[in-house]
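prediction below, plus the sequence it came from.
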Amino acid sequence: MIAVALPALMAAFGVGVAGVSWIVTVYLVTMAGLQPVAGKLGDLYGHRRLFLIGCGGLASASVACALAPTFPLLVAGRALQAVFAATMAPNGAAIIRHRALPDSRGRAFGWLAGWMTFGAAIGPAMAGVLVHRLGWASIFWVNLPVLALVIPLAFRMLPETPRQSGGGFDGGGAILLTLTLTGGVVALAGVANGGSGPLIAAGISILLGLTLYEWERRQSSPMIDFRLFRHPAFAGASAAVMLTNLAMYTTLLLVPLFMAGLQGRGATAIGWVLVVYSGLMSLVSPLGGYLSDRLGPVGPVVAGTVLLLAGTGLLLQADARMSLLTLIVFLALGAAGLGLQMAAQQSAALESAPAEMAGAANGVWATARYLGSIAGTVLLGVLVGDTLDSTGFRNMLYAVSAACCVLLPVGTVLRLSGRPIGLLAAKVTPTSEGLPGQSG
């Protein structure tokens, strides 16, 4: 919805493309940095409680955005929205992980992914109507009736989950984690602009990351328990979702530019193509979850990657004369592939973590997902520049194909058992072996 409203925001506040992009960037950076923190808080104090706090805070932040009199205050409101959205996301998934039976978790996460992509499918069409008739503020006001339905339902129906015993909140780890991720995101976001800034930000992020690792090794209740990455399934699922989201976000950004710039199509046609693309992902996601329960996560991830690679290969043949139907068919292959993978990746990540760490595990996994989205945005700026032409279009598709080729072997890692690997096999605390609550 925010993407559709960007032109109206530029006109209302008198800002350019670079300025208005902060509306998107600040949200992505905040979501990427805070989800592991929010997940850990849920492990300690209850996922239902954190989810409800997120709902109430998101309502307040939406009002602040709708009433913002200046652009800096609107950006601040968007950051506040992201804080509370980051509080909701990992804790909602942790509740599903706790409540769903082991043989049905894939289907549960399939429905979660399906509803998420359904929201993405209807968002652009809904925003077009709202902005045209009621102005840009309406895309923030519309959150209030939704949350007015969600909050009482959550109070009544959502169960509380077991809390992690022992230890406390690792404030130092939370600060170091947020700074590390923020530095990494700033480095990625600055690549398109060139200069030494991205290199400096990347170097600072690496130093902060090493400091974070050393800090967490000495904590009895770390913010990020690096022993999670000792399990190849968790590490593989985190890498897989980053690559998958890179491919998905790149396509969502590239296709409208291709249709408008190279085919001369209008906003209505673009909106409906995105509705079909996201809607098909929504429909296929529950099937991917079902197959993950029955066959394990490897099959859906590998099969989905093959479909995504095939769809991307066909899109390389696209030109200005391609019909709308042909374009939709090619995109449908990739959308089906993405839908097959989503639930299997999330289920594999959370199944490999002990139950009492479900919130923190999902927070780390979700951060990997957002980093993939940010990387896709960066690639678009680097490979396309200010104006999309046929060469830039194909270069982006080659980048998606390369991500798929990496994703294929990563997907097979999801079948491996959780034995220690490499540097990450080092103990996090002097007295612990393996993951708490998990043997073997």
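Received, thanks.

what mean pLDDT does stretch 253-266 have?
Predicted confidence along stretch 253-266 averages 79 (mean pLDDT).

buried residues, it. List them.
Judged by neighbour count using 16 or more other CB atoms under 10 Å, the buried positions of stretch 253-266 are 253-259, 261-263, 265. (C-beta placed from N, C-alpha, C; glycine too.)

which stretches of the stretch 151-300 of the chain have low pLDDT?
Within the stretch 151-300 of the chain, the set of residues satisfying pLDDT under 70 comprises 164-168, 189-195, 267-268.

switch to 90 and redo it
Along the stretch 151-300 of the chain, segments meeting pLDDT under 90 span 155-203, 205, 209, 212-300.

just the stretch 1-150 of the chain next, same as before
By pLDDT under 90, the low-scoring segments of the stretch 1-150 of the chain are 1-47, 86, 88-136.

can you show me the helices along it?
Using DSSP state H, counting those that start in this stretch, the helices of the stretch 1-150 of the chain run over residues 2-13, 17-20, 22-45, 47-66, 71-99, 105-134, 138-141, 143-157.

what's the closest of these to residue 395?
Set against residue 395 and scored by CB to CB, the helices of the stretch 1-150 of the chain come closest in helix 17-20, at 20.9 Å.

in contact with residue 89, which residues?
By CB atoms under 8 Å, 6 or more residues apart in numbering, residue 89 lies in contact with 31, 35, 38, 54, 362, 366.

circling back: the buried residues of stretch 253-266 in helices, which ones?
Members of those lying in helices (criterion: DSSP state H): 253-257.

sorry, back to before: dump the helices of the stretch 1-150 of the chain to a markdown table, plus distance to residue 171.
What follows is the helices of the stretch 1-150 of the chain, written out as a markdown table (distance: least, CB to CB, whole Å):
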| stretch | distance to residue 171 |
| --- | --- |
| helix 2-13 | 31 |
| helix 17-20 | 34 |
| helix 22-45 | 10 |
| helix 47-66 | 16 |
| helix 71-99 | 16 |
| helix 105-134 | 30 |
| helix 138-141 | 31 |
| helix 143-157 | 27 |
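
so which of those helices is nearest residue 315?
When these are compared by CB to CB, helix 105-134 sits nearest residue 315, at 19.3 Å.

any idea of the angle that closest one forms with helix 2-13?
Here the directions of helix 105-134 and helix 2-13 differ by 30 degrees (axes from the mean of the first three to the mean of the last three CA atoms, to 10 degrees).

if we can go back for a sec, now distance to residue 331 too, for the buried residues of stretch 253-266, in JSON lines please.
Shown next, in JSON lines, are these (distance: CB to CB, whole Å):
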{"residue": "253", "distance to residue 331": "13"}
{"residue": "254", "distance to residue 331": "11"}
{"residue": "255", "distance to residue 331": "7"}
{"residue": "256", "distance to residue 331": "12"}
{"residue": "257", "distance to residue 331": "14"}
{"residue": "258", "distance to residue 331": "11"}
{"residue": "259", "distance to residue 331": "11"}
{"residue": "261", "distance to residue 331": "17"}
{"residue": "262", "distance to residue 331": "15"}
{"residue": "263", "distance to residue 331": "13"}
{"residue": "265", "distance to residue 331": "14"}
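
nearest to residue 282 among those residues?
When the buried residues of stretch 253-266 are compared for distance to residue 282 (CB to CB), residue 255 comes out closest, at 17.0 Å.

surely that closest one touches residue 272?
No. Counting by CB atoms under 8 Å, residue 272 is not a contact partner of residue 255; they are 11.7 Å apart.

any shared contact partners between the two?
Between them, residue 255 and residue 272 share no contacting residue under CB under 8 Å, 6+ apart.

residue contacts, the nearest residue to residue 67 once chain neighbours are set aside?
Leaving aside its chain neighbours, residue 67 sits nearest to residue 137 (7.6 Å; criterion: CB to CB, 6 or more residues apart in numbering). For residue 137, the residues meeting the contact criterion (CB under 8 Å, 6+ apart) are 65-67.

which of those residues are buried?
For the contacts of residue 137, a burial check counting by 16+ other CB under 10 Å picks out 65-66.

closest one of the contacts of residue 137 to residue 408?
Checking the contacts of residue 137 against residue 408 by CB to CB gives residue 65 as the nearest, at 40.9 Å.

OK, contacts around that closest one?
When the contact criterion is CB under 8 Å, 6+ apart, the partners of residue 65 are 74, 77-78, 81, 137, 140.
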